[in-house]
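Participant: No sequence on hand, only this structure:
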């Protein structure tokens, strides 16, 4: 749908291309992605619920983990429902306003998630490397301030980018070669001069991704050094198991997002990002509950207690 403005046509809605090469498998892909989505939502929701319900999990580590799981629920819900509609019903249109809102929420939650990962790595660093000072450093006030800072920083940075994108002109091109309104393909469709906007998007991606990655690497490097100095092999194994599984999720998240966003020119094959985006929006939110709780005895115990209380209440 277009609207005439003088001698120029302004796009009022976009078409999300999705995955045209496998569109004939729509119902199969719908079932697979629906299962992955529901599993991800259920897993992350369980983490939030048991953290709130079990007093033994009222610690900074689980506080950050529950916030992160809540962000992951919202993050995947920003994208996957529309993808399911595309697979099942073939409804690929999205209004200009809805597209900008989806792009904003997706980027805001994604940026908040990466900043939270940096905060979680700092929490593990203090807990393992400075255990005696941990209760005084990571108190409730500090935890709330860190989460607020992550969200506020993300909001300010992403709002400034989306305001700039909203001022771009969109003429005849209206097919987005993606399954959601990501910033790169959206900028690519503009008939304005997008060099400044692309540079801003690239700069913010570098700032958010690489700054959080550097903090995470420094924190885990110090953790690794501290672990090797522990006198007991059992202590070393326990400390290593707490952190090693986290690195699996981190490598997937950072790898896919660096591939998608850390590019100075978004015009180079925007369609090549779809598979990497699937990893970021489907795979990692699905793995997070498993990876962060797989070998966690406290979470297992909290789950058993919650199940027992549910049985008794019946």
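Facilitator: That came through, no problem. Please read all numbers here as calculations on a predicted model, not as lab measurements.

Participant: all helices for the protein, in order.
Facilitator: With helices called from DSSP state H, the chain shows them at 26-53, 60-89, 96-129, 134-137, 140-166, 183-189, 195-205, 211-228, 233-261, 274-278, 284-293, 297-313.

Participant: Report all helices and strands that the third one contacts.
Facilitator: Spelled out, that is helix 96-129. On a contact count with 3 or more Cβ pairs under 8 Å, 6 or more residues apart in numbering; DSSP states H and E, helix 96-129 meets strand 13-16, helix 60-89, helix 134-137, helix 140-166, helix 183-189, helix 211-228, helix 233-261. Quick note: C-beta positions are derived from backbone N, CA and C, even for glycine.

Participant: and what of the last one?
Facilitator: Contact here means 3+ Cβ pairs under 8 Å, 6+ apart; on that basis helix 297-313 packs against helix 26-53.

Participant: For the helix it packs on, which residues meet the burial criterion?
Facilitator: Burial within helix 26-53, assessed by neighbour count using 16 or more other Cβ atoms under 10 Å, is assigned to 26, 29-30, 33-34, 36-37, 40-41, 43-44, 46-48, 50-51.

Participant: What score does the residue nearest the centre of the chain have for pLDDT?
Facilitator: Most central in the chain under Cα atoms, centre = their mean is residue 110, positioned 3.9 Å from the mean C-alpha point. Note on residue 110: pLDDT of 93.

Participant: dump the residue contacts of residue 206.
Facilitator: Residues counted as contacts of residue 206 (Cβ atoms under 8 Å, 6 or more residues apart in numbering) are residue 262.

Participant: next one: the one 5 residues further on
Facilitator: For residue 211, the residues meeting the contact criterion (Cβ under 8 Å, 6+ apart) are residue 118.

Participant: separation between it and residue 118?
Facilitator: Note on residue 211: its distance to residue 118, by Cβ to Cβ, to the nearest Å, is 7 Å.

Participant: Equivalent analysis for residue 39, please.
Facilitator: Distance of residue 39 to residue 118, computed by Cβ to Cβ: 27 Å.

Participant: Mind pulling up the pLDDT for the closest residue to residue 107 other than its chain neighbours?
Facilitator: Distances taken as Cβ to Cβ, 6 or more residues apart in numbering place residue 158 nearest to residue 107, at 4.7 Å, with adjacent residues excluded. Among the per-residue scores, residue 158 shows a pLDDT of 96.

Participant: got the contact list for residue 158?
Facilitator: Contacts of residue 158 were listed using Cβ under 8 Å, 6+ apart, and they are 104, 107-108, 111, 204.

Participant: Closest one of those residues to residue 273?
Facilitator: Closest approach between these and residue 273, by Cβ to Cβ: residue 107, at 13.8 Å.

Participant: Double-check that closest one against residue 160; I have them as touching.
Facilitator: No. Residue 107 is not in contact with residue 160 according to Cβ atoms under 8 Å; the separation is 11.2 Å.

Participant: These two - which one has more neighbours?
Facilitator: Taking other Cβ atoms under 10 Å, residue 107 and residue 160 do not tie; residue 107 has more neighbours (25 against 11).

Participant: Contact partners for that one?
Facilitator: Counting by Cβ under 8 Å, 6+ apart, residue 107 touches 158, 161-162, 183.

Participant: Narrow these to just the buried residues.
Facilitator: If you count burial by 16+ other Cβ under 10 Å, the buried members of the contacts of residue 107 come out as 158, 161-162, 183.

Participant: Now distance to residue 12 too, for the helices of the chain, in TSV please.
Facilitator: Compiled in TSV, the helices of the chain are given as follows (distance: least, Cβ to Cβ, whole Å):
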stretch	distance to residue 12
helix 26-53	26
helix 60-89	18
helix 96-129	6
helix 134-137	52
helix 140-166	14
helix 183-189	13
helix 195-205	20
helix 211-228	36
helix 233-261	27
helix 274-278	24
helix 284-293	32
helix 297-313	48
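
Participant: re the thing from before, same list (the contacts of residue 158) but as a markdown table, adding distance to residue 280.
Facilitator: Shown next, in a markdown table, are those (distance: Cβ to Cβ, whole Å):
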| residue | distance to residue 280 |
| --- | --- |
| 104 | 17 |
| 107 | 12 |
| 108 | 15 |
| 111 | 12 |
| 204 | 16 |
